[in-house]
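S.K.: below: sequence and its predicted model.
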Amino acid sequence: MATTPSPNTTTSALDAGLIWLDGQLVPQEQATVSVLTHALHYGTSVFEGIRAYETERGPAVFRLREHSQRLLDSAKILGMKPTMTVEEIDQAILETIRANRRKSCYIRPLLWYGPESLGVSPARNLLHFMVATLPWGVYLGEEAVTKGAKLITSSWRRSSGDIMPTKSKAGGNYVNSVLAKEEALENGYEEALLLDKEGFVAEGTGENVFFLKNGTLYAIAHSVNLRGITRDTIVQLARDMGTLVENTMATRDELYTADEVFMTGTAAEVTPVASIDRRPIGPGVAGPYALAMRERYLQVVSGKLPAYDRWLTYVGG
């Protein structure tokens, strides 16, 4: 799951420039919605977090097709019936980047129900679509990357799949993340670790979790987690680097004794973890494997490793 930017993030929503709104590029001041919008009252929206990186061939969007498809999958889970195709979503994103002349950016596409009816059922409400592009810094801050992030296990559990549609990147799901994130920040931590209802590690508020133990990389298995595109990328990169990777269910005490822990996500990229619940992970600093994986990931997304060029969509124009 992706979250709203933390106080460490250099992003400002005031820097969006031109926004794609229902087929037209408009200045952000004009990209407005009614206060009676169904999604504002009930959380009936789905979205994606995507990134474009600066490369020698100009800006390139990382794994664009997979993100656009996941947006439509999220909509289907909520019963939405958008008329846009994956290809049309791709093109709207690329056109918005070109119009704003971004060299690199964070990309936020969003589908939501409008204001035609304020009843709980959205059957009478029209669907809307927008794309915004924003400048983006290091999600949890430079220090969290160089020294490792400090995590705390949240008192809030991740919603279970029979309560909320956890495989949909739905706006309403993120109240859970907001509560956990604020709890962590108010207690002096960079990020929260959420457990599922059985007590197994689920994810961060916007990141998947990995841990390294005795040379094996363990990827926290999908249970209530959104299927992470960055997570999938890291699994493939790790195997290509010769690392044994296993999916696993883990309790938080297993993470305490890991050699390294790190988080992955579109916003977080690869962020090492220095401690969880005041317990140091390894020596209590950013681990060498996590830092090496972060460097590898940044080489991939910036087009410096041609073997992974299939994951890049060059903006062109």
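M.R.: Everything's here; your move. Residues are numbered from 1 along each chain as shown.
S.K.: tell me what the helix or strand bottoming out on mean pLDDT in the chain is packed against?
M.R.: Lowest mean confidence among the helices and strands of the chain (mean pLDDT, DSSP states H and E): helix 142-147, at a mean of 79. On a contact count with 3 or more C-beta pairs under 8 Å, 6 or more residues apart in numbering; DSSP states H and E, helix 142-147 meets strand 269-276. Placement of C-beta: from N, CA and C, glycine included.
S.K.: what pairs with the helix or strand just after the strand it packs on, parallel or antiparallel?
M.R.: Tracing the chain C-terminally past strand 269-276 and defining elements by DSSP states H and E, one meets strand 279-280 next. Strand pairing for strand 279-280, using DSSP bridges, gives strand 269-276 (antiparallel).
S.K.: could you point out which residue ranges in the protein have low pLDDT?
M.R.: Within the chain, the segments meeting pLDDT under 70 span 1-13, 138-141, 317.
S.K.: all the helices of it, residue numbers only.
M.R.: Ranges of helices within the chain are 38-42, 64-77, 86-100, 142-147, 174-186, 229-240, 252-256, 288-301, based on DSSP state H.
S.K.: by contact count, what packs against the fifth one?
M.R.: Secondary structure elements in contact with helix 174-186, counted by 3+ C-beta pairs under 8 Å, 6+ apart, are strand 149-153, strand 191-195.
S.K.: okay, buried residues for it please.
M.R.: By 16 or more other C-beta atoms under 10 Å, the buried positions in helix 174-186 come out as 174, 176, 177, 179, 180, 181, 183, 184, 185.
S.K.: I'd guessed residue 74 sits against residue 168; true?
M.R.: Yes - at 4.1 Å, residue 74 counts as touching residue 168 under the criterion of C-beta atoms under 8 Å.
S.K.: before we move on, the earlier item: and the least confident helix or strand of the chain, how far out from the chain's middle?
M.R.: Relative to its chain's centre, helix 142-147 lies at 19 Å (C-alpha atoms, centre = their mean, to the nearest Å).
S.K.: before we move on, what about stretch 82-100?
M.R.: With C-alpha atoms, centre = their mean as the basis, stretch 82-100 stands 19 Å off its chain's centre.
S.K.: stretch 229-248 too?
M.R.: Taking C-alpha atoms, centre = their mean, one finds the center of stretch 229-248 at 17 Å from the center of the full chain.
S.K.: how about stretch 233-253?
M.R.: Worked out by C-alpha atoms, centre = their mean, stretch 233-253 lies 18 Å from the chain centre.
S.K.: what about it, start to end distance?
M.R.: 26 Å (C-alpha to C-alpha, to the nearest Å).
S.K.: and it, what's buried?
M.R.: Within stretch 233-253, judged by 16+ other C-beta under 10 Å, the buried ones are 233, 234, 235, 237, 238, 243, 245, 248, 250, 252.
S.K.: report how many residues lie close to residue 89.
M.R.: The local packing of residue 89 (other C-beta atoms under 10 Å) involves 24 other residues.
S.K.: how much space separates it from residue 16?
M.R.: Distance, residue 89 to residue 16, by C-beta to C-beta, to the nearest Å: 18 Å.
S.K.: hang on, the earlier thing: let's have the buried residues of stretch 233-253 in a markdown table, adding distance to residue 278.
M.R.: Conversion of the buried residues of stretch 233-253 to a markdown table gives the following (distance: C-beta to C-beta, whole Å):
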| residue | distance to residue 278 |
| --- | --- |
| 233 | 31 |
| 234 | 27 |
| 235 | 29 |
| 237 | 31 |
| 238 | 28 |
| 243 | 29 |
| 245 | 29 |
| 248 | 24 |
| 250 | 19 |
| 252 | 12 |
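S.K.: between those, which is closest to residue 68?
M.R.: residue 233 (16.1 Å; C-beta to C-beta).
S.K.: hang on, the closest one packs against residue 297?
M.R.: Yes - Residue 233 sits in contact with residue 297 when judged by C-beta under 8 Å, with a separation of 7.1 Å.
S.K.: hey, what's the closest residue to residue 288 other than its chain neighbours bridged with?
M.R.: With C-beta to C-beta, 6 or more residues apart in numbering as the criterion, residue 288 has its nearest non-adjacent residue at 7.8 Å, and that residue is residue 260. Counting by DSSP bridges, residue 260 is bridged to residue 212.
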